[in-house]
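Engineer: Build me a model from this:
(one chain, ligands or ions: 3)
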Amino acid sequence: MVNIREQCSWVHRDRPDEALVKAKALTAGTLAHVRAASAAASMTIPITPSALILGSSVAALTAALRLADNGMEVLVAESGDTFGGRLSQAYFGKPEVNVDRLYRHFLSRIRNQPRLRVLRHTELADCRGSLGNFHVELRRRPTESSGVVERIRETVGTILIAVGADVWKPENLYEYGRSPLVLTQAELATALDRGSVHLAQARGVLMIQCVGSRNDERPYCSRSCCQQAVSHALELKEHFPHLRITILHRDLRTYGLTEMIYQEARHAGIRFLRYDENRPPVVKPTRFGRRSTMDVRWDDPDTGASFHERADLLVLSTATVPSPENHHIASILRVPLSADGFFMERHVKLAPVETAVEGVFIAGQCHSPKTIAEALVQGDAAAAKMLAVLRQGAVHRAAFTAVIDPGRCSRCLSCVGVCPAQAIIVPPLGPLRVDPGACQGCGICAAECPARAIDVAGAEEEGLLQGMPSVFCA
Ligand SMILES: Cc1cc2nc3c(=O)[nH]c(=O)nc-3n(C[C@H](O)[C@H](O)[C@H](O)COP(=O)(O)OP(=O)(O)OC[C@H]3O[C@@H](n4cnc5c(N)ncnc54)[C@H](O)[C@@H]3O)c2cc1C
Ligand code: SF4
Ligand code: SF4
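Structural biologist: Ligands and ions are numbered 1, 2, ... in the order given. From the prediction side, this is the model:
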């Protein structure tokens, strides 16, 4: 292919005559190359009808069940000691989805699905191969029953990354970590779940939104914290109707059906007030009679008026942040991360659950912050894409791959380190080989090989040399 658009007309748009000469030279060079090239053979690689799913969150389990119900063998590797991700921690008050019912549904379905295996305490340690045949190594931490680190080796056709995200800890911000009166929404949720919230003597609760989100460091919206704040406010109001509850926000993002819980909260008397994003609220511990309280001051962005309120409990809606583990998984699977540290999709509209690596998919909060309902839908979408691949049974493609001439290869291993696809197989003896399923045909190994033992089908050295005079002598 001659790329006249990007490599000629766009870069030389101010010099059209010279661009024309260059376009002719590129075309002549490519034609000379094609004349000398040999046809690439086609190859067929059988696909192992199975999937590995990293994480056992709502996105992961939705995809796992969908795949297993459709006849695929599914292995779920969960690094923690429970499954269900944040669902099992019951962080939610009144969201769109009934979390308890969803968790029970997953539990019973997993028990009754023989094609689904869930391994806890297990993480990805290594991965070789490519779409259809990923050779993965999993590491299982010692448990009471085994007592030793187990290495589990499997071959799977596709991989889904669904490892969720973390919650940001606002250390030393708004007195968090210094005062027991300051909690994050996640901590309040756990306390509500355990029944350990005691506010019978309290008068006011104040919540601050967008703590650590939508700033220079993390420009994105964490998406679920507004609905969680409203849900928690409603739950507090139900248990302690006398409380004055205020939610301080920049703009409230209870979108979609969660607008209904916002309406419910307004009717219940919960107050929603805006603060100026350029002048975040100021929090000071203070005493009011015998009570310890938090003194909160803020400015209204429209009128500039200053406000002041005393809170017996201050709740911070903190950012959802990518797991630091993402870097490790990304380097093993060779998939890119976004600037924010989340796993990046191949195309935001055309391939939203695929990654740059064929056969590796993403779903849930490891891709970007999202609600349970959104994670569930994305898990289903990923499963549909994975099924479409696995059902083909085999990968058919032209073998534009590297070939190593055994007569020339001296086993210096120069090519092994530079191959971005880890496609070069080093047998104990004899010349090296290339795994055609993994090879991307990039040609880096051919350029690196000092013995000139490697050629890439469709881009053989001989053909490239034939095309060069037309390009450089134009
Ligand atoms: C503080 C907070 C409040 C929220 N409030 C709401 C709300 O009110 N309403 C709502 O709809 N949504 C809310 N959400 C979002 C909701 O939690 C998620 O949408 C939902 O849990 C689905 O996330 P997930 O499927 O991506 O993974 P998660 O639930 O995050 O689970 C990820 C799983 O992967 C496992 N894991 C992590 N690393 C690895 C690894 N390396 N290998 C294997 N396994 C791994 C974890 O142990 C965990 O089990 C909230 C999220 C947070 C953080
Ligand atoms: S969901 Fe609400 S609190 Fe959370 S970052 Fe977005 S706007 Fe801020
Ligand atoms: S052509 Fe590229 S992907 Fe294929 S073996 Fe050589 S370096 Fe690896």
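Engineer: rest of the way, CA atoms for contacts and neighbours
Structural biologist: Will do.
Engineer: Enumerate every residue touching residue 206.
Structural biologist: Residue 206 makes contacts with 245, 246, 247, 248, 311, 313, 314, 315, as judged by CA atoms under 8 Å, 6 or more residues apart in numbering.
Engineer: Which strand or helix spans it?
Structural biologist: For residue 206, the host element (DSSP states H and E) is strand 204-211.
Engineer: Partner strands of that strand and their direction?
Structural biologist: Note on strand 204-211: by DSSP bridges, its sheet partners are strand 244-249 (parallel), strand 313-318 (parallel).
Engineer: on contacts alone, who are the packing partners of whichever helix or strand comes after the first one?
Structural biologist: The element immediately downstream of strand 244-249 (helix or strand, assigned by DSSP H and E) is helix 259-267. For helix 259-267, the elements it packs on are helix 225-239, judged by 3 or more CA pairs under 8 Å, 6 or more residues apart in numbering; DSSP states H and E.
Engineer: Report the buried residues of the helix it packs on.
Structural biologist: 225-237 (16 or more other CA atoms under 10 Å).
Engineer: Show me what from the stretch 301-450 of the chain comes close to ligand 2.
Structural biologist: Applying CA under 6 Å from any ligand atom, one finds that the stretch 301-450 of the chain approaches ligand 2 through residue 317.
Engineer: And the helices in the stretch 301-450 of the chain?
Structural biologist: 325-333, 372-390, 414-418, 444-448 (DSSP state H, counting those that start in this stretch).
Engineer: Out of the strands paired with strand 204-211, which is the most enclosed?
Structural biologist: strand 313-318 (a mean of 25; mean count of other CA atoms under 10 Å).
Engineer: From the rest of the structure, what touches that strand?
Structural biologist: For strand 313-318, the surrounding residues in contact (CA under 8 Å, 6+ apart) are 167-170, 181-185, 188, 204-213, 225-226, 229, 293-294.
Engineer: Can you add distance to residue 278, mean neighbour count and mean pLDDT and give the helices of the stretch 301-450 of the chain back as CSV?
Structural biologist: Shown next, in CSV, are the helices of the stretch 301-450 of the chain (distance: least, CA to CA, whole Å; neighbours: other CA atoms under 10 Å; pLDDT from 0 to 100):
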stretch, distance to residue 278, mean neighbour count, mean pLDDT
helix 325-333, 32, 16, 96
helix 372-390, 31, 21, 96
helix 414-418, 48, 16, 94
helix 444-448, 50, 19, 94
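Engineer: Which neighbouring elements make contact with the helix or strand encompassing residue 27?
Structural biologist: Using DSSP H and E, residue 27 sits within helix 16-36. If you count contacts as 3+ CA pairs under 8 Å, 6+ apart, helix 16-36 packs onto helix 461-472.
Engineer: Give me the packing partners of the helix it packs on, helices and strands only.
Structural biologist: Applying 3+ CA pairs under 8 Å, 6+ apart, we find helix 461-472 packed against helix 16-36.
Engineer: just how off-centre is the helix it packs on within its chain?
Structural biologist: 42 Å (CA atoms, centre = their mean, to the nearest Å).
Engineer: Could you pull out the buried residues of it?
Structural biologist: 19, 22-23, 25-34, 36.
Engineer: ok, now stretch 71-85?
Structural biologist: Using 16+ other CA under 10 Å as the test for burial, stretch 71-85 gives 72, 73, 74, 75, 76, 77, 78, 79, 80, 83, 84, 85.
Engineer: check contacts around residue 108.
Structural biologist: Not one residue lies near residue 108 by CA under 8 Å, 6+ apart.
Engineer: That one - that's part of a helix, no?
Structural biologist: Yes - Residue 108: assigned to a helix according to DSSP: H, G, I helix; E, B strand; the rest coil.
Engineer: Tell me the confidence at it?
Structural biologist: Per-residue pLDDT puts residue 108 at 90.
Engineer: hmm, back to that, would you turn the buried residues of helix 225-239 into JSON lines with pLDDT and distance to ligand 1?
Structural biologist: Shown next, in JSON lines, are the buried residues of helix 225-239 (pLDDT from 0 to 100; distance: CA to the nearest ligand atom, whole Å):
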{"residue": "225", "pLDDT": "94", "distance to ligand 1": "6"}
{"residue": "226", "pLDDT": "96", "distance to ligand 1": "8"}
{"residue": "227", "pLDDT": "93", "distance to ligand 1": "5"}
{"residue": "228", "pLDDT": "92", "distance to ligand 1": "4"}
{"residue": "229", "pLDDT": "95", "distance to ligand 1": "7"}
{"residue": "230", "pLDDT": "95", "distance to ligand 1": "8"}
{"residue": "231", "pLDDT": "93", "distance to ligand 1": "7"}
{"residue": "232", "pLDDT": "94", "distance to ligand 1": "8"}
{"residue": "233", "pLDDT": "96", "distance to ligand 1": "11"}
{"residue": "234", "pLDDT": "95", "distance to ligand 1": "12"}
{"residue": "235", "pLDDT": "93", "distance to ligand 1": "12"}
{"residue": "236", "pLDDT": "95", "distance to ligand 1": "14"}
{"residue": "237", "pLDDT": "95", "distance to ligand 1": "17"}
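Engineer: correct me, but residue 68 touches residue 115?
Structural biologist: Yes - between residue 68 and residue 115 there is a contact under CA atoms under 8 Å: 5.6 Å.
Engineer: For these two, list the residues in contact with both.
Structural biologist: Listed as contacting both residue 68 and residue 115 by CA under 8 Å, 6+ apart are residue 74.
Engineer: if you count what's nearby, which of the two comes out ahead?
Structural biologist: Neighbour comparison, residue 68 and residue 115: the larger count goes to residue 68, with 22 against 18 (by other CA atoms under 10 Å).
Engineer: Including mean pLDDT, could the strands paired with strand 204-211 go into TSV?
Structural biologist: Converted to TSV, the strands paired with strand 204-211 look like this (pLDDT from 0 to 100):
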stretch	mean pLDDT
strand 244-249	98
strand 313-318	97
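Engineer: Turn those strands into TSV, columns for distance to residue 306.
Structural biologist: Formatted as TSV, these follow (distance: least, CA to CA, whole Å):
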stretch	distance to residue 306
strand 244-249	13
strand 313-318	19
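Engineer: quick one: the closest residue in space to residue 236 that isn't next to it in sequence from ligand 2, how far?
Structural biologist: Leaving out its chain neighbours, the residue that sits closest to residue 236 by CA to CA, 6 or more residues apart in numbering is residue 243, at 7.9 Å. Noted for residue 243: a distance of 21 Å to ligand 2, by CA to the nearest ligand atom, to the nearest Å.
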